[in-house]
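Asker: Here is the input, now give the coordinates:
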Amino acid sequence: MILVTGAAGLLGRELVRELCADGAPVRGLDVVAAPDPRLPGYQAHTGDLLDPAVCRAAVEGVSAVVHAAAVQFHTPGCPRVGLERFFGRNIAMTGHLLEACQAAGIERFVFVSSDMVYGAHGTGPLREDGPTRPSGPYGRSKLAGEEQCRRAWERMTHVAILRPSMTIGPGRLGLLKRLFDRVRTDRPIPMLGHGANRHHMIAVDDLAVACRLALAHSGHGTYNIGASEPTPVRDLLAELCRRAGSRSRLVALPASAALIALDLLWRLRLSVMNPEQYLIAPREYVLDTSAARAKLGFEARHRDVDALFATYRWYLDHLSP
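Answerer: Numbers count the residues shown, from 1 in each chain. Reported below is the predicted structural model:
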């Protein structure tokens, strides 16, 4: 039995579906209703990982865990003040779950972290052994979760930490909705800077494959997960517009002035982007994914532009009348 936390989320839904399709018995846990309980071999559970008793019940009879549950900036109820306390939930959930796993003798644990642990100060391809200086409370909560996992290495034999880039795919909107709204209505699309910089992305089904490979891998490790060849931002947006048949034009904004304006808007609680997003927006933010290829055998199947356009088509199909 494999436990998937955050089973109602973008990654959790896809991972549950793929594991069940492989014939694995799966238990999904989330604070809201999890995926279709009619999947073969699937058990849907509802509960809050902030409750240690829920964690203990969730791991009963389980042989492996993929911990994908987390609160994020787009989580309903996310405040503009008190963010450290809000994202502290991620640290508490991971700690309670790891304690329950160790008490139950579970050896295999996959923690879905984030590339936000690197922060906006990294240079060059970001490596797993490089500095981690998160730019905000979400990244700090993920880094704290990684530290909890590493402390568990002494008592658990197979603990993998995945650092995925921005995960996209059908069902993912958030900030992308504003981009897609502009593409659909032919409005200008602003870029922070010249757009020659690259940002890693990962299709959700590719990330699910990485989770499954990490479950099967022996030993401990930390792995960046991203598409094979990230596309420069300008080219990515131009190709999205071309495929969408949009007449939107790209507008390059001076990065330094735009960052000052966004910081002010954030302080006034008016910004549509949070600091962890806009601080890296004009930067080259590319992951070194060689460790995942060499040790997990992971290779992304989808290019970022293909995954982005697939997400756009899902958005069109689910527009409100």
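Asker: Quick one: residues in contact with the longest helix along the chain.
Answerer: Across the chain, the helix with the greatest residue count (assigned by DSSP state H) is helix 83-104. If you take CB atoms under 8 Å, 6 or more residues apart in numbering as the criterion, helix 83-104 is touched by 5, 49-52, 55-56, 58-60, 62, 65, 67, 69-71, 78-79, 109, 111, 136-138, 140-142, 144-145, 148-149, 152, 155-156. C-beta: built from backbone N, CA, C; applies to glycine.
Asker: next one: stretch 120-129
Answerer: By CB under 8 Å, 6+ apart, stretch 120-129 touches 115, 118, 130-131, 133, 135, 163, 222-224, 276, 279-280, 283-288, 291.
Asker: Please repeat the previous calculation with a cut-off of 6 Å.
Answerer: By CB atoms under 6 Å, 6 or more residues apart in numbering, the surrounding residues in contact with stretch 120-129 are 118, 133, 135, 222, 224, 279, 280, 286, 287, 288, 291.
Asker: Off-centre distance for stretch 130-142?
Answerer: When C-alpha coordinates are averaged (CA atoms, centre = their mean, to the nearest Å), stretch 130-142 and its chain have centres 14 Å apart.
Asker: With stretch 84-94 instead?
Answerer: In terms of CA atoms, centre = their mean, the centre of stretch 84-94 is set 16 Å apart from its chain centre.
Asker: Closest one of the contacts of stretch 120-129 to residue 267?
Answerer: Taking CB to CB as the measure, residue 267 lies nearest residue 279 of the contacts of stretch 120-129, at 14.0 Å.
Asker: Test my guess that the closest one contacts residue 135.
Answerer: Yes: the criterion here is CB atoms under 6 Å, and residue 279 meets it with residue 135 at 5.0 Å.
Asker: ok, the spatially most central residue of the chain - contacts?
Answerer: Compute the mean C-alpha point of the chain, and by CA atoms, centre = their mean the closest residue is residue 167, 5.0 Å away. Contact analysis of residue 167 by CB under 6 Å, 6+ apart lists 202, 204, 207.
Asker: Look through the chain and tell me its longest strand.
Answerer: When the chain is scanned for its longest strand (criterion: DSSP state E), the result is strand 158-164.
Asker: So for the longest helix of the chain, mean pLDDT?
Answerer: Per-residue pLDDT over helix 83-104 has a mean of 93.
Asker: Would you mark the buried spots in that helix?
Answerer: 83, 86-102, 104 (16 or more other CB atoms under 10 Å).
Asker: that older thread, packing partners for the longest strand of the chain?
Answerer: Of the remaining helices and strands, those touching strand 158-164 by 3 or more CB pairs under 6 Å, 6 or more residues apart in numbering; DSSP states H and E are strand 108-112, helix 137-151, helix 204-216, strand 221-225.
Asker: Most tightly packed of the ones you listed?
Answerer: Comparing the helices and strands packed on strand 158-164 by mean neighbour count (mean count of other CB atoms under 10 Å), strand 108-112 comes out on top with a mean of 25.
Asker: Between helix 137-151 and it, find me the angle.
Answerer: Interaxial angle, strand 108-112 versus helix 137-151 (axes from the mean of the first three to the mean of the last three CA atoms, to 10 degrees): 160 degrees.
Asker: Let's see strand 108-112 as PDB, backbone CA atoms only.
Answerer: Extracted C-alpha coordinates of strand 108-112, given in PDB (Å, rounded to 0.1, in the frame of the first residue of the first chain):
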ATOM      1  CA  ARG A 108      10.400   4.500   1.900                       C
ATOM      2  CA  PHE A 109       9.500   8.200   1.800                       C
ATOM      3  CA  VAL A 110       9.400  10.700  -1.100                       C
ATOM      4  CA  PHE A 111       9.100  14.300  -0.100                       C
ATOM      5  CA  VAL A 112       8.000  16.700  -2.900                       C
END
